[in-house]
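S.K.: After the sequence you'll find the predicted model.
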Amino acid sequence: MMDNNCDSAYAEIEAFIRFKANQLIQKGWTLYVTKDEKLCTLEALKAYEGLTHINVSSAASDSGICSPEVNYLFRFYHDYLHLTMGEDFSDAGERAVAAQHFDDGIDFGLSYGAMLALKAETIGQLEYYQKHGEHVKNQRAFTTTYIQKGSRYAINFPH
């Protein structure tokens, strides 16, 4: 997949994320973007259980496949799934939430390339973290590599 096809996939992902976040907002959910990582833990998320508010971290949002604003919306949607599915931030919890992302992406009509991008943004980054003990520094480069060269190469190549 060439870079312009990656850009097309990223545009689809952005539309998908905006759609899912808007669905939550229409249901009365709100998000607050914060630099305070203590407000973005699983414990903090559970403290809002029964409420319709989610804090999302502003950290590392400048190298994503979408704008920082859309990255915040993705975290909002992602953490909403953790909360409502009762899934923690473990490997199994992240994979369960990612599976719901994939189901939602299929229902939305994401293309194969966009689904690969969604997989890179969820499962790929999880596996990268497990291998390297740190988060992906350049998410856009990682996801583009994941789409163009495959998961093994992307996960093994420092980003």
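M.R.: Now that the structure is in, tell me what you want to look at.
S.K.: If we go by neighbour counts, what in stretch 103-110 is buried?
M.R.: Of the residues in stretch 103-110, those buried under the neighbour-count criterion (16 or more other CB atoms under 10 Å) are D104, G105, F108, L110. Just so you know, the C-beta spots here come from the backbone N, C-alpha and C atoms, and that holds for glycine as well.
S.K.: Out of the residues you listed, list just those in helices.
M.R.: D104, G105, F108 (DSSP state H).
S.K.: Can I get those in TSV including distance to Y32?
M.R.: Conversion of these to TSV gives the following (distance: CB to CB, whole Å):
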residue	distance to Y32
D104	23
G105	26
F108	26
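S.K.: Which single one of the residues you listed is nearest to V97?
M.R.: Sorting these by how near they are to V97, with CB to CB, puts D104 at the top with 10.6 Å.
S.K.: so the spatially closest residue to that closest one that is not a sequence neighbour, which of the three states?
M.R.: Setting aside the residues directly before and after it, D104 is nearest to K20 in space (CB to CB, 6 or more residues apart in numbering), at 6.3 Å. Put simply, K20 is helix when judged by DSSP: H, G, I helix; E, B strand; the rest coil.
S.K.: what's the spacing between K20 and R152?
M.R.: Distance, K20 to R152, using CB to CB, to the nearest Å: 29 Å.
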